[in-house]
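A.B. asks: structure of the sequence below:
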Amino acid sequence: MFSQKRFIPFIAGFALFTYTLPGYSQEVINQSGIQITSSQIRCTSTKNGTDNSYISLSLENTTDKQVTVSFYKQLWYNNNCINCNETSEEYLVQQTLSPYEKMEGNCTKENMQLLIFHSMPKHLSKNTLTKHKLIDIQVK
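C.D. replies: I've put the predicted structure just below:
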């Protein structure tokens with residue numbers, strides 16, 4: 001069901017690995033010609049010494065028109081919602097997509113707002129994303 005992908009760019013002499021983690025239940029939302037999916041990825045940087053897990057959001061415009069998509073991310077860490085009572089700009093995603101364009105969060109610096117931090121190795125932090133929800137989805 002999940003294809004394992006490996007992306008290895010060499011930027012400024014360091015390797016960055018991206019791959020899909022098995023066992024994550026992919027969420028699919030379809031609204032007004034926009035498809036939003038999510039998958040769990042792992043980002044490892046040998047230069048920075050990081051090995052973190054993220055939820056990558058993918059936005060796909062299935063229409064022949066340019067659209068702007070916006071929504072807020074609600075996040076639960078260790079079963080506690082950290083932003084359920086607020087709609088801060090920090091949790092707002094707003095992207096303009098050309099006809100039939102697809103974009104997704106990845107381990108590089110582009111499209112960072114399409115990533116949700118999931119976890120890092122347990123010996124570094126016990127905080128783990130236990131739930132996420134996309135709210136107030138608007139397509140214009």
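
A.B. asks: so how many other residues sit close to Ser98?
C.D. replies: The local packing of Ser98 (other Cβ atoms under 10 Å) involves 12 other residues. No exception for glycine: its C-beta is placed from N, CA and C like everyone else's.

A.B. asks: from Thr96, how far out is the spatially closest residue to it that is not a sequence neighbour?
C.D. replies: Sequence neighbours aside, Gln66 is the residue nearest to Ser98 in space, at 5.5 Å (criterion: Cβ to Cβ, 6 or more residues apart in numbering). To Thr96, Gln66 is 7 Å away according to Cβ to Cβ, to the nearest Å.

A.B. asks: ok so, going back, so the residue nearest to Ser98 sits right up against Leu97, yeah?
C.D. replies: Yes: Gln66 lies in contact with Leu97 (Cβ atoms under 8 Å); the separation is 6.9 Å.

A.B. asks: neighbour count winner among those two?
C.D. replies: More crowded of Gln66 and Leu97, by other Cβ under 10 Å: Leu97, with 21 against 12.

A.B. asks: tell me who's in contact with the more buried one.
C.D. replies: Going by Cβ atoms under 8 Å, 6 or more residues apart in numbering, Leu97 touches Ile34, Leu59, Glu60, Asn61, Gln66, Val67, Thr68, Val69, Met103.
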